[in-house]
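**Student:** Below: sequence and its predicted model.
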Amino acid sequence: MLWEVFVRPRRGLSHTHAGSLHAADAELALRNARDLYTRRSEGVSIWVVPSSEITASSPDDKGEFFDPAADKVYRHPTFYEVPEGVEHL
């Protein structure tokens, strides 16, 4: 079974995708991920997720999938006015 590996390098940081590996079960995947992706103590936490359980959008559907966000101008910083006297926002 193919597993995707995510490693958190330090407390307070997000897990990031480190790579993929093959393993028979979750425990073996976790141990293999530790040996492959944290050999120099680069991580404090590892997630392994079966690749078959990941649902992703297709790059070919980019336009129609992300278009609904384009009509929400309030998501852009230019939509808001900065009040006078505010030095740091």
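**Tutor:** Happy to help now that I have it.
**Student:** centroid residue for this protein?
**Tutor:** Thr16 (5.4 Å; C-alpha atoms, centre = their mean).
**Student:** you'd agree that one is up against Phe6?
**Tutor:** Yes: in terms of C-beta atoms under 8 Å, Thr16 counts as a neighbour of Phe6; the distance is 6.4 Å. C-betas here are computed from N, CA, C, even on glycine.
**Student:** ok so, going back, so what's the residue nearest to the centre of the chain up against?
**Tutor:** 6-9 (C-beta atoms under 8 Å, 6 or more residues apart in numbering).
**Student:** What about those, which one has the most neighbours?
**Tutor:** Ranked by neighbour count (other C-beta atoms under 10 Å), the contacts of Thr16 have Val7 at the top, with 20 neighbours.
**Student:** now what about the helix or strand hosting that residue, what contacts it?
**Tutor:** Using DSSP states H and E, Val7 sits within strand 2-8. Under the criterion C-beta under 8 Å, 6+ apart, residues 14-23, 26, 29, 33, 36-38, 42-52, 54 lie in contact with strand 2-8.
**Student:** please redo it, this time with the cut-off set to 6 Å
**Tutor:** Residues lying outside strand 2-8 but in contact with it, judged by C-beta atoms under 6 Å, 6 or more residues apart in numbering, are 15, 17-23, 29, 33, 37, 43-51.
**Student:** Let's see which of those end up in strands.
**Tutor:** 17-22, 45-50 (DSSP state E).
**Student:** Adjacent strands (with direction) for the strand holding Val7?
**Tutor:** As defined by DSSP bridges, the strand partners of strand 2-8 come to strand 16-22 (antiparallel), strand 45-50 (antiparallel).
**Student:** I'd like those strands laid out as JSON lines, including distance to Pro77.
**Tutor:** Converted to JSON lines, those look like this (distance: least, C-beta to C-beta, whole Å):
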{"stretch": "strand 16-22", "distance to Pro77": "26"}
{"stretch": "strand 45-50", "distance to Pro77": "32"}
